[in-house]
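J.: 3D, please:
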Amino acid sequence: MYQRTEDGGIAALLELTGHGAAVTDVTIPLPHEPWLVCSSSLDGTVRLWDCRAADGQREVQKYVAGFAKEFASATLGGGNDHLVVGAQNEQVVFWDRRVGTGLEVFEDSHSEDVTRVRFQPGRRNRLFTAGVDGLTCAFDVGGCPADINDEDGLMTVMHTDCAIVEMGFVSGAGDNDVLWLLTGNEDAWFYDASDDAETVGNTLAYVPDTRGAAQRSSLAAGIHAGGLSQQVDYLVGCFSRKEPGGGSTVMIAAGTQGGAVGVYPVVTTGEGSDPASSPAVLGAPVVVMDGGHVDIVRAMAWVPDNTSEVPVTGAEDSRVCVWGEKTAVDPGGDNGYIQAGGKIGREDEGGRRHSPY
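T.: Residues are numbered from 1 along each chain as shown. Presented below is the predicted three-dimensional model:
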């Protein structure tokens, strides 16, 4: 865990230790409990941590299931924030946070491994699950915990063409919630996650070959920083930015093997009613981050900074970078990009390189 420093940089805050194998997912699932961390691991456990506690006492609860040898993802939510959920193989496992015991297992929703489980921010009774089978399922798990099941709770099923590797939520037009998915074949999908239960799961936009679209957008805009105009190697995630006139712009972050990252707005063509037959494109990058990392960027988040938000990135070079506005104007016309404002890392652990997926 890291914290911002007064000079705009970052510093190590604490470590959460206890898992006996690789950690597969880490979230801070509750905005009103920002000290609470949820994690899953290949050691067959899902754990909750309290960052306020002293070293050695931060593990609040450990959840296991006799049939589960490893978990690929975990989250916490429900109407009363009482449900702890883990993904193991094609199953979704539920525990009651209040008593630490098992509740239910969803076994029929996915035919292959579940890769991500997430509760929708602001609508905590909605659980979304995504899997290798290319399906994303939305469930209403409100009401009595003892009565949740995958048949009665299923709201809708969304289909993509490939295994889903990541998902999350952003604000879209009218500030309605949008579910985003990234697939193994480099496509980005966006679905309605608004309050209207009748429209949840409707396709809003589809960006085929998103990695290629980012490279082509960089080339068309004359962006040469970080090599983004020659080769974009992976997708990092999706974000949204508030616009002065209201509403939000949905954006995609994509990066290179050398650690450069560009952030691109999703632009819908507005032609026809079927997003699959009229796919969206990516506009010119609104942000380019170069010079902070030297390896694959795995994670990115926007954090408050006075009156605005700044991006923070983590990569396989063991560095975490916080970025600030660039002050100098480049002769090459690259003003407007941002550079590292501060970073922390262990250089002796650098040099590792793995597949982005």
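
J.: need the contact list for residue 96.
T.: Residues in contact with residue 96 (CB atoms under 8 Å, 6 or more residues apart in numbering) are 82-84, 102-103, 145. Every C-beta, even on glycine, is put in place using the N, C-alpha and C of the backbone.

J.: and if we set it to 10 Å?
T.: Shown in contact with residue 96 (CB atoms under 10 Å, 6 or more residues apart in numbering): 63, 78, 82-84, 102-104, 145-146.

J.: any idea what it is bridged to?
T.: residue 83, residue 101 (DSSP bridges).

J.: same check, this time on residue 235
T.: Beta-bridge partners of residue 235, as defined by DSSP bridges: residue 254.

J.: ok, back up a step: can you list the contacts of residue 96 in TSV and add distance to residue 167, neighbour count and pLDDT?
T.: As requested, the contacts of residue 96 are arranged in TSV below (distance: CB to CB, whole Å; neighbours: other CB atoms under 10 Å; pLDDT from 0 to 100):
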residue	distance to residue 167	neighbour count	pLDDT
63	22	25	96
78	18	23	90
82	22	16	92
83	18	25	95
84	19	26	96
102	25	15	89
103	23	19	89
104	22	20	93
145	24	20	76
146	28	9	76
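
J.: quick one: buried residues of the strand or helix carrying residue 304?
T.: Using DSSP states H and E, residue 304 sits in strand 297-305. Burial within strand 297-305, assessed by neighbour count using 16 or more other CB atoms under 10 Å, is assigned to 297-298, 300, 302, 305.

J.: which of these has the weakest pLDDT?
T.: Within these, the minimum per-residue pLDDT falls on residue 305 (74).

J.: quick one: that residue from residue 285, how far?
T.: Counting by CB to CB, to the nearest Å, the gap from residue 305 to residue 285 is 20 Å.

J.: before we move on, the earlier item: direction included, what does the strand holding residue 304 pair against?
T.: strand 308-315 (antiparallel).

J.: follow-up on the earlier one: of all the buried residues of strand 297-305, which comes closest to residue 123?
T.: Of all the buried residues of strand 297-305, residue 302 has the smallest distance to residue 123: 21.2 Å, by CB to CB.

J.: tell me the bridge partners for that closest one.
T.: According to DSSP bridges, beta-bridge pairing links residue 302 with residue 311.

J.: again, but for residue 47
T.: Beta-bridge partners, per DSSP bridges, of residue 47: residue 39, residue 62.

J.: over to residue 114?
T.: Beta-bridge partners of residue 114, as defined by DSSP bridges: residue 131.

J.: renumber starting at 457 from here on
T.: Let's use 457 as the start, then, which means that last one is residue 570.

J.: phi, psi of residue 693?
T.: Taking degrees, to the nearest 10, you get phi 170, psi -180 for the backbone angles of residue 693.

J.: CSV please, covering the contacts of residue 552 and showing distance to residue 711.
T.: Below are those laid out as CSV (distance: CB to CB, whole Å):
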residue, distance to residue 711
519, 33
534, 34
538, 37
539, 34
540, 32
558, 39
559, 39
560, 38
601, 40
602, 45
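
J.: wait, which of those is closest to residue 651?
T.: Using CB to CB, the contacts of residue 552 come closest to residue 651 at residue 534, 17.7 Å.

J.: before we move on, back to that, farthest pair within the buried residues of strand 753-761?
T.: 754 and 761 (21.8 Å).

J.: quick one: contacts for residue 683?
T.: 671, 674, 689, 712-714, 716, 746 are the contacts of residue 683 under CB under 10 Å, 6+ apart.
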